[in-house]
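Undergrad: Give me the fold of what follows.
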Amino acid sequence: FTLFRGMNDIFIALGVVALSIGWFILWGMLTESPAFWVAPLLAIAGYVALAEYIAGKLKATLPSIAIMASLGATIMLYALALFMPFYSSGAGLSTLESIVEFGQESANIAVLVMVIGFAFQVGFFLRYRLPVSFALIAAGILGVAWATLTAIIGPAIADYLNYLITATGLLLLALGVFVDSRDPQRINGWAECAFWLYVMGAPMTIHSVAVAFEASAWVMVPVIVIAMLFSLIVDRRSPIISSLIYVGYLLQSGFEGVSIDPSVTIVLVCFIIGGLVMAFGVGWQKARHVLLTPFEDHGWRRYLPPS
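TA: Numbers count the residues shown, from 1 in each chain. Just a heads-up that it's a prediction; the model follows:
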């Protein structure tokens, strides 16, 4: 995938971020003015114009992400501000902070926010085909599902949070595999969409399992091995990167158990992790070839990148 193609993309992205910071500060200053309700429409029009040129014509990923985030935040906050007088029994609109607090008042409002954000991401993806927005569509679906479950089950859902995150991560990984299978040669753009699904799904799955089982070695070692094999099979590094954090944690715990000096422990952990990363980087294709060669004649092999 290509996050940016050069320093020019970074400069444009920084410019968009600076403009967005100024816009939100200005909008907050207009809270007591009738202009508060008009200014967002002008800002939305301005962001759309920027998106048409930067995301539509230049195809610059990093600046497009900044535009997408700022435009999405503006639309969601404006929708909440419009909805607030009909729902809130308080004094009503006072600041942008009060709009954000209103959005956190209940699960029903959270569902509304998620639905608005999801609809925006779908529209952005369909218009500009930005791969990262595809991942956010998936996140939007899960966000709506989470908010709906919270509205139905209530606070008790917190007891099942780790299991919910694990299931969500596995679902994103499965969706990543499905999308990746549409572009095994990594040439038509679907592979970039799948990349972001792996980036989101891998850490959610591995971290939630680690939290649920208190990073027990009996659990994490098999999880890390599975993550490494999965990474090699689908030719994606994200699961390995996520698991390396817990490789370091397990190594540190093991060294502490034999009373090694803390400074030496850090050095050893860094050396081992660095060695593993280098080994995977240098021997990645060879390892994939060895792992997948016995399955070359199987039908499912054609859905995976060549080894």
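Undergrad: From now on I want contacts and neighbour counts done on CA atoms only, so please keep to that.
TA: Noted.
Undergrad: Can you name every helix or strand that the host helix or strand of residue 24 contacts?
TA: According to DSSP states H and E, residue 24 maps onto helix 7-29. If you count contacts as 3 or more Cα pairs under 8 Å, 6 or more residues apart in numbering; DSSP states H and E, helix 7-29 packs onto helix 35-51, helix 61-87.
Undergrad: For residue 96, find the nearest of those.
TA: With Cα to Cα as the criterion, residue 96 lies closest to helix 61-87 of those, at 8.1 Å.
Undergrad: Buried residues of the closest one, list them for me.
TA: 61-68, 70-72, 74-78, 80-81, 84 (16 or more other Cα atoms under 10 Å).
Undergrad: List phi and psi for residue 59.
TA: Dihedral angles of residue 59 (phi, psi; degrees, to the nearest 10) stand at phi 60, psi 40.
Undergrad: hmm, I was thinking of residue 200
TA: phi -80, psi -40.
Undergrad: For residue 90, report the pLDDT, please.
TA: If you check residue 90, the pLDDT there is 53.
Undergrad: coming back round to it: go through the helices and strands packed on helix 7-29 and name the closest to residue 8.
TA: Once the helices and strands packed on helix 7-29 are compared by Cα to Cα, helix 61-87 is nearest, at 9.8 Å.
Undergrad: Now find how far off-centre the lengthiest helix in the chain is within its chain.
TA: Taking DSSP state H as the criterion, the chain has its longest helix at helix 262-292. Distance of helix 262-292 from the chain centroid (Cα atoms, centre = their mean, to the nearest Å) equals 25 Å.
Undergrad: tell me which helix or strand of the protein sits lowest on mean pLDDT?
TA: Taking mean pLDDT, DSSP states H and E as the measure, the helices and strands of the chain show their lowest mean at helix 96-103, namely a mean of 76.
Undergrad: Can you give me the buried ones in the next helix or strand after that helix?
TA: Sequence-wise, the next helix or strand downstream of helix 96-103 (DSSP H and E) is helix 107-128. The neighbour-count criterion (16+ other Cα under 10 Å) identifies 107-118, 120-122, 124-125, 128 as the buried residues of helix 107-128.
Undergrad: so what does the next helix or strand after helix 107-128 touch, helix or strand wise?
TA: Sequence-wise, the next helix or strand downstream of helix 107-128 (DSSP H and E) is helix 131-153. Where contact means 3+ Cα pairs under 8 Å, 6+ apart, helix 131-153 is packed against helix 107-128, helix 190-212.
Undergrad: by how many degrees do the last one and helix 131-153 diverge?
TA: By that I understand helix 190-212. When axes from the mean of the first three to the mean of the last three Cα atoms, to 10 degrees is applied, the directions of helix 190-212 and helix 131-153 differ by 40 degrees.
Undergrad: What lies in contact with helix 190-212?
TA: 1, 131-132, 134-135, 138, 162-163, 165-173, 175-177, 179-180, 182-184, 186, 215-216, 219-220, 223, 236, 238-239, 242-243 (Cα atoms under 8 Å, 6 or more residues apart in numbering).
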